[in-house]
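Peer 1: predicted structure and sequence below. I'll ask about it afterward.
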There are 2 protein chains.
Amino acid sequence: MRVRGLPQKNLCLPVGFSFSAACAGIKASGRPDLALVEACPGTTAAAMFTKNRVVAAPLEVGRASLAASRGGVRAVIVNSGNANCATGKAGIRACQQVCRELARLLALRASEIFPSSTGIIGVPLPVDRIVAKLPDLTAARGATKQGIADFARAIMTTDTRPKLASVTFHSGKSTVSVLGIAKGAGMIHPQLATMLVYLFTDVVASPVELKRWLQESCEQTFNCISIDGDTSTNDTVLLLASGRSGVRLKQPSARKDFSDALLQACQSLAEQIVFDGEGVKHVIRLSVDQARNREEARQVAQIVARSLLVKTAWAGADPNWGRILAAVGRSGIAIDPAKVSIKIGDQMVCRGGVGANFDQKQAHQALAQSRCEIRIFLGRGSASILFLTTDLTPEYVRINADYST
Amino acid sequence: MRVRGLPQKNLCLPVGFSFSAACAGIKASGRPDLALVEACPGTTAAAMFTKNRVVAAPLEVGRASLAASRGGVRAVIVNSGNANCATGKAGIRACQQVCRELARLLALRASEIFPSSTGIIGVPLPVDRIVAKLPDLTAARGATKQGIADFARAIMTTDTRPKLASVTFHSGKSTVSVLGIAKGAGMIHPQLATMLVYLFTDVVASPVELKRWLQESCEQTFNCISIDGDTSTNDTVLLLASGRSGVRLKQPSARKDFSDALLQACQSLAEQIVFDGEGVKHVIRLSVDQARNREEARQVAQIVARSLLVKTAWAGADPNWGRILAAVGRSGIAIDPAKVSIKIGDQMVCRGGVGANFDQKQAHQALAQSRCEIRIFLGRGSASILFLTTDLTPEYVRINADYST
């Protein structure tokens, strides 16, 4: 995983995809807000969606299309600036219209188009503006780094920078590439986040295989990050495989190489998302260890990562371990406080539920870094989880108090 | 319930209690930090405590004392500035020592003393300073309004004002009084909060009766407020009945009068706590209606009241109902978004999961008031709950980022 959550400079392009972006005037700022990927014939797909009961129109349409096409996707159309959520049947129709128009231009079936939207909830999608830009968008597409960079910028909302990661590995004489592009900076919490992630590869794989790999990677990456504890209505992770490398991943070692590459790309994107969290000054690598099982560890990590008192203490680089212990105590897990220990940076600050003898200044300095490790030991078992989370700053509040007005 | 969550001016004193306060030097500010109530012989008691698994020493000692004395309490000793939590066995011994010393001075048994602490977690209680002040504290006690005011100030931490409420009613020729004193401004969430509440009355009642009334009142008041979603380690609500009015509450009407008076006092204190929430600019009366049952309504209310995106929108008086709907969608309740409606002030802003035609400016103005009503209709049944909650401001973050350092 990259150290600072920065996007990669040297990207490798999986074969079989072309990218473009445009300004459709959905964002008031006039910035790029429409993005397209076209995939070559035979491309297979798998997707994961938000667990929120309130689901945006493009997720309903995309899920239905994936079912109708049996995991065959030939194009992805994304708009930013409008979530097309809580827009009722009109929102579904608007999304379908965009897919239909794009299908017509690319000579595809509408069910081969996978749509995404991100932005404000509850405002009708400006279909006409989007449709009017589709000819330019399709004409501009190219299998180039510039096309990828344009795509990554056009899907941003409150993101301050594009999020990109790529990994390659060799299989016999062939090279396989995995490329990931993501957006997300707030409303980040398992399950998933206000987060769109597109993963592209050129291996040969069935939709069922892709789904299994995607689930495994998400569990360890996008489901282990939390910025503000809110789960969005539009979260989508899509994995597309063009098959153009000709590599079929029959050997266990090749399968391992691919799942490692996918995991690495997802980890990098997850980290980039957290580092770009709204108003974030400190990223915390939060381990919960000695849990009875991974779910228990996850529950404790989520409660701690969501505690306002803990997150505000981190904003002040305050080694106030009592707040962490109090959050663990209300996690719903039957912990014995006398068995809980907490480490900030290199120092044990709480041992057996009681303050340890530690250097306050050193703990403060550890927390004052842009990145700090905190470990919680529950004394209950041997399961653990690693969570990436953030502090909560006045800047976060300011960004989110001024969103729609 | 009082309109602005302000403490009452004209307090009535239940017979049988005397109050005092002192500066023991626990708070670095030098402000009063030690408070005492002495209750007359025969006083009965009931208490409720935090549900957090991490529990401060005074709660363990107080719970054991209540059991040992079978609900007989003769004095309450409270210190602010130090929570005596996560202090291990030394913390228990420190608390017991304070109780023993006070018992000796008042010629009582240690099990008749009920202790409380509030303040920072994980720092040893400065027992010697407390014990040194006990003679002054006991000498100063009086059944006076000044004594009550001093007590209310001495238990404050980040509170900006003391919290007091009293209610009287007549039973035959006798007058019964209920007086409540509270502290709490952050870490406020069901179950209970970083909140100490002391309720005094002069009815005649057994500990079992008191416990039932106390539970009923708490359920509708202190368990329906949320400032920051954190549950403290020290939360305590204590109800003491001196019996000195001679009123035994045998008639159903008298019992009703008493439970109404207790509920009213608790409601006022709950509201005072929320209005004094750290950095709070807007108090929201959040109703969740048309739920299948009250627990379901409570769950939705808690998720909405805890959502950072919702709370920051409220800080900006932003009628961004999409964030409220998204929070409802991740509440874990199997809601049908197409049946959910949301009202801000007098206007329906979302009807059947879709944006209603409403006046944005008017909704903004409603939210810009210091107090605003928001109602969520789930379309699932007829149960409802009323929650008091708050916005989240940069000021809250600042207060909590600078606490211990």
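Peer 2: That came in fine, so what should we check first?

Peer 1: OK, contacts around the closest residue to chain B within the stretch 301-405 of chain A?
Peer 2: Of all residues in the stretch 301-405 of chain A, A:Gly322 sits closest to chain B, at 2.6 Å by C-beta to the nearest C-beta. For every residue, glycine as well, the C-beta is placed using N, CA and C. With contacts defined as C-beta atoms under 8 Å, 6 or more residues apart in numbering or on different chains, the neighbours of A:Gly322 are A:Cys350, B:Ala83, B:Cys85, B:Ala86, B:Ile120, B:Ile121, B:Gly122, B:Thr233.

Peer 1: for B:Asp318, see how far away the residue in chain A sticking out farthest from the centre is.
Peer 2: Going by C-alpha atoms, centre = their mean, the residue of chain A most distant from its centre is A:Asn357, 39.0 Å out. Distance of A:Asn357 to B:Asp318, computed by C-beta to C-beta, to the nearest Å: 47 Å.

Peer 1: what do you get for A:Leu214?
Peer 2: 35 Å.

Peer 1: again with A:Ile273
Peer 2: In terms of C-beta to C-beta, A:Ile273 sits 24 Å off from B:Asp318.

Peer 1: of those two, which one has the most company?
Peer 2: Each of A:Ile273 and B:Asp318 has its neighbours counted (other C-beta atoms under 10 Å in any protein chain shown); A:Ile273 has more, 27 against 22.

Peer 1: ignoring the adjacent residues along the chain, who's closest to the more buried one?
Peer 2: Distance criterion C-beta to C-beta, 6 or more residues apart in numbering or on different chains; nearest residue to A:Ile273, sequence neighbours excluded, is A:Gly184 at 4.4 Å.

Peer 1: and the pLDDT at that neighbour?
Peer 2: pLDDT, A:Gly184: 85.

Peer 1: and if you look at the one 4 residues further on?
Peer 2: A:Ile188 carries a pLDDT value of 57.

Peer 1: how many other residues sit next to A:Phe151?
Peer 2: Neighbour tally, A:Phe151, other C-beta under 10 Å: 26.

Peer 1: show me what whichever helix or strand it is part of is packed against.
Peer 2: Assessed by DSSP states H and E, A:Phe151 sits inside helix A:145-154. Applying 3 or more C-beta pairs under 8 Å, 6 or more residues apart in numbering or on different chains; DSSP states H and E, we find helix A:145-154 packed against strand A:17-22, strand A:34-39, strand A:75-82, strand A:163-171, strand A:174-183.

Peer 1: the first one to strand A:174-183, inter-axis angle?
Peer 2: The reference is to strand A:17-22. 20 degrees (axes from the mean of the first three to the mean of the last three C-alpha atoms, to 10 degrees).

Peer 1: now strand A:17-22 and strand A:34-39, what's the angle there?
Peer 2: Going by the same axes, to 10 degrees, strand A:17-22 makes 170 degrees with strand A:34-39.

Peer 1: out of the helices and strands packed on helix A:145-154, which comes closest to chain B?
Peer 2: strand A:75-82 (10.9 Å).

Peer 1: need the CA coordinates for that closest one. PDB is fine.
Peer 2: Extracted in PDB, the C-alpha atoms of strand A:75-82 (Å, rounded to 0.1, in the frame of the first residue of the first chain):
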ATOM      1  CA  ALA A  75     -20.000   0.800 -21.200                       C
ATOM      2  CA  VAL A  76     -20.100   2.800 -17.900                       C
ATOM      3  CA  ILE A  77     -21.600   6.200 -17.800                       C
ATOM      4  CA  VAL A  78     -21.100   8.300 -14.600                       C
ATOM      5  CA  ASN A  79     -22.300  11.800 -13.700                       C
ATOM      6  CA  SER A  80     -21.200  13.800 -10.700                       C
ATOM      7  CA  GLY A  81     -23.100  16.700  -9.200                       C
ATOM      8  CA  ASN A  82     -26.400  14.900  -8.900                       C
END
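
Peer 1: state the distance from A:Phe200 to A:Pro252.
Peer 2: Taking C-beta to C-beta, one finds A:Phe200 at 24 Å from A:Pro252.

Peer 1: how many neighbours does the closest residue to A:Ala57 other than its chain neighbours have?
Peer 2: What sits nearest to A:Ala57 in space, not counting adjacent residues and going by C-beta to C-beta, 6+ apart, is A:Gly91, at 3.8 Å. Close neighbours of A:Gly91, defined as other C-beta under 10 Å, add up to 26.

Peer 1: and the helices in the stretch 101-250 of chain A?
Peer 2: For the stretch 101-250 of chain A, the helices defined by DSSP state H, counting those that start in this stretch occupy A:127-139, A:145-154, A:207-220.

Peer 1: and for the stretch 251-400 of chain A?
Peer 2: Secondary structure of the stretch 251-400 of chain A, counting by DSSP H, counting those that start in this stretch: helices at A:252-275, A:294-306, A:308-315, A:321-329, A:360-368, A:394-401.

Peer 1: where does the prediction get shaky in chain A?
Peer 2: A:1-9, A:186-194, A:228-231, A:403-405 (pLDDT under 70).

Peer 1: and A:Val167, how many neighbours?
Peer 2: Residues near A:Val167, counting by other C-beta under 10 Å: 23.

Peer 1: my bad, should have said A:Gly142
Peer 2: Neighbours around A:Gly142, by other C-beta under 10 Å: 13.

Peer 1: and the closest residue to it other than its chain neighbours, how many neighbours does it have?
Peer 2: Distance criterion C-beta to C-beta, 6+ apart; nearest residue to A:Gly142, sequence neighbours excluded, is A:Ser18 at 5.4 Å. A:Ser18: 20 surrounding residues under other C-beta under 10 Å.

Peer 1: tell me who's in contact with A:Ser18.
Peer 2: Going by C-beta under 8 Å, 6+ apart, A:Ser18 touches A:Val37, A:Glu38, A:Arg141, A:Gly142, A:Ala143, A:Thr144, A:Gly147.

Peer 1: who's in contact with the second one?
Peer 2: Which is A:Glu38. Taking C-beta under 8 Å, 6+ apart, one finds A:Phe17, A:Ser18, A:Arg74, A:Ala75, A:Leu106, A:Thr138, A:Arg141 in contact with A:Glu38.

Peer 1: returning to that earlier point: quick check, the residue nearest to A:Ile273 in contact with A:Thr160.
Peer 2: No - with contact defined as C-beta atoms under 8 Å, A:Gly184 does not count as touching A:Thr160 (11.7 Å).

Peer 1: of the two, who's got more company?
Peer 2: Neighbour totals were compared for A:Gly184 and A:Thr160, and A:Gly184 leads with 31 against 10 (other C-beta under 10 Å).

Peer 1: how far away is that one from chain B?
Peer 2: 14 Å (C-beta to the nearest C-beta, to the nearest Å).

Peer 1: got the domain ranges for chain A?
Peer 2: Chain A breaks down into these domains under automatic domain parsing: A:17-275, A:283-401.

Peer 1: nearest to B:Val328, of the ones you listed?
Peer 2: Among those, the nearest to B:Val328 by C-beta to C-beta is domain A:17-275 (6.9 Å).

Peer 1: could I get the contacting residues of the residue lying closest to A:Thr393 once chain neighbours are set aside?
Peer 2: Leaving aside its chain neighbours, A:Thr393 sits nearest to A:Gly279 (4.3 Å; criterion: C-beta to C-beta, 6+ apart). Shown in contact with A:Gly279 (C-beta under 8 Å, 6+ apart): A:Leu392, A:Thr393, A:Pro394, A:Glu395, A:Tyr396, A:Val397, A:Arg398, A:Ile399.

Peer 1: the same query, at a cut-off of 10 Å, please.
Peer 2: Each residue near A:Gly279 by C-beta atoms under 10 Å, 6 or more residues apart in numbering or on different chains is listed here: A:158, A:185-186, A:227-228, A:315, A:390-400, B:394, B:397.

Peer 1: go on, A:Lys339?
Peer 2: A:Lys339 neighbours (C-beta under 10 Å, 6+ apart): A:Gln290, A:Gly352, A:Gly353, A:Phe377, A:Leu378, A:Gly379, A:Arg380.

Peer 1: for chain B, what's its nearest residue on the stretch 101-250 of chain A.
Peer 2: For the stretch 101-250 of chain A, C-beta to the nearest C-beta, closest residue to chain B: A:Ile121, 2.6 Å.
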